[in-house]
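A.B. asks: only geometry, no sequence info:
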């Protein structure tokens, strides 16, 4: 969960901006969409579970704030103006357990990693919830299925000028994530995205995991890098 939470670049200039109507890497860009991504739920865009759903027995169970573990959720299911909020617990910030480090997607800022005290003060609407399950899907959590239209060379970096590591075979494959790099241009078609993946054939003395140009995903369009269901592959 924590590794996935960091994929949205919390507390940096690259953070994902907050929006209840936006989607990033297949997940809604509000607090509950961010939590759904970190939990590894399959991307559902604007249909990601909201805070009320995450607070239900379908997704989580109550846990005392004093017993929080890394990856637990701290939820206010209703909130002011009936807009709830959820954050992801990482670790206690001090020996007194009067505050903690948490990940959150917050309005007016976006993805953040900071010290909070939600749920620790008398009368707080926030309370602890332990996820019933942590999935294997979600941005950066594992493999995304793609189809390549031809055999593709895998390189040591996001450039055809780097060392060739081996070959990814034509057909159905999987990739882990994408990164913007040097342009691959063939005729009028081009793509700046590169895909981090495991190669089918590795050259002698080279590495089995390498970068393959997203150009080989075919007719998606220039500078596109989506999986087989049309969801953008998460950023590395």
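C.D. replies: That came through fine. Note that the structure is a prediction, hence the values are computed from the model and not measured.

A.B. asks: which elements pack onto the worst-scoring helix or strand of the chain on mean pLDDT?
C.D. replies: When each helix and strand of the chain is scored by mean pLDDT, DSSP states H and E, helix 2-5 comes last, with a mean of 88. Helix 2-5 is packed against helix 31-38, strand 85-92, with contacts defined by 3 or more CB pairs under 8 Å, 6 or more residues apart in numbering; DSSP states H and E. Quick note: C-beta positions are derived from backbone N, CA and C, even for glycine.

A.B. asks: partners of the next helix or strand after that helix, with directions?
C.D. replies: The first helix or strand that comes after helix 2-5 along the chain, using DSSP states H and E, is strand 23-24. Under the criterion DSSP bridges, strand 23-24 sits next to strand 27-28 (antiparallel) in its sheet.

A.B. asks: need the contact partners of the strand it pairs with.
C.D. replies: Contact partners of strand 27-28, identified using CB atoms under 8 Å, 6 or more residues apart in numbering, comprise 20, 22, 33-34, 36-37, 43-46, 48, 138-139.

A.B. asks: show me how this protein divides into domains.
C.D. replies: 2-131, 144-217 (automatic domain parsing).

A.B. asks: just the terminal-to-terminal distance for the shortest one.
C.D. replies: Taking CA to CA, to the nearest Å, the first and last residues of domain 144-217 lie 13 Å apart.

A.B. asks: of the helices and strands packed on helix 2-5, which approaches residue 152 most closely?
C.D. replies: helix 31-38 (28.0 Å; CB to CB).

A.B. asks: so which bits of the following helix or strand past that closest one are buried?
C.D. replies: Sequence-wise, the next helix or strand downstream of helix 31-38 (DSSP H and E) is helix 51-54. Using 16 or more other CB atoms under 10 Å as the test for burial, helix 51-54 gives 51, 54.

A.B. asks: the helix or strand following helix 51-54: how far from the chain's middle?
C.D. replies: Counting by DSSP H and E, the next helix or strand C-terminal to helix 51-54 is strand 60-63. Chain-centre distance of strand 60-63: 23 Å, with CA atoms, centre = their mean, to the nearest Å.

A.B. asks: contacts for strand 60-63, please.
C.D. replies: 54, 69, 72-73, 75, 127-132.

A.B. asks: what's near enough to touch residue 99?
C.D. replies: Residue 99 neighbours (CB under 8 Å, 6+ apart): 92-93, 115-117, 120.

A.B. asks: how close does it sit to residue 114?
C.D. replies: 10 Å (CB to CB, to the nearest Å).

A.B. asks: also residue 207?
C.D. replies: Taking CB to CB, one finds residue 207 at 37 Å from residue 114.

A.B. asks: what's the answer for residue 12, then?
C.D. replies: For residue 12 relative to residue 114 (CB to CB), the value is 12 Å.

A.B. asks: look at those two and report which has more neighbours.
C.D. replies: residue 114 (16 against 12; other CB atoms under 10 Å).

A.B. asks: low-confidence ranges, this protein, go.
C.D. replies: Low-confidence segments of the chain (pLDDT under 70): 79-82, 135-142.

A.B. asks: before we move on, back to that, which of the helices and strands packed on helix 2-5 is buried the deepest?
C.D. replies: helix 31-38 (a mean of 29; mean count of other CB atoms under 10 Å).

A.B. asks: ok, residue 202 touching residue 209?
C.D. replies: No. The pair residue 202 / residue 209 is not scored as a contact, 9.2 Å apart, by CB atoms under 8 Å.

A.B. asks: quickly list what's touching both of these two.
C.D. replies: Common neighbours of residue 202 and residue 209 (CB under 8 Å, 6+ apart) are residue 165.
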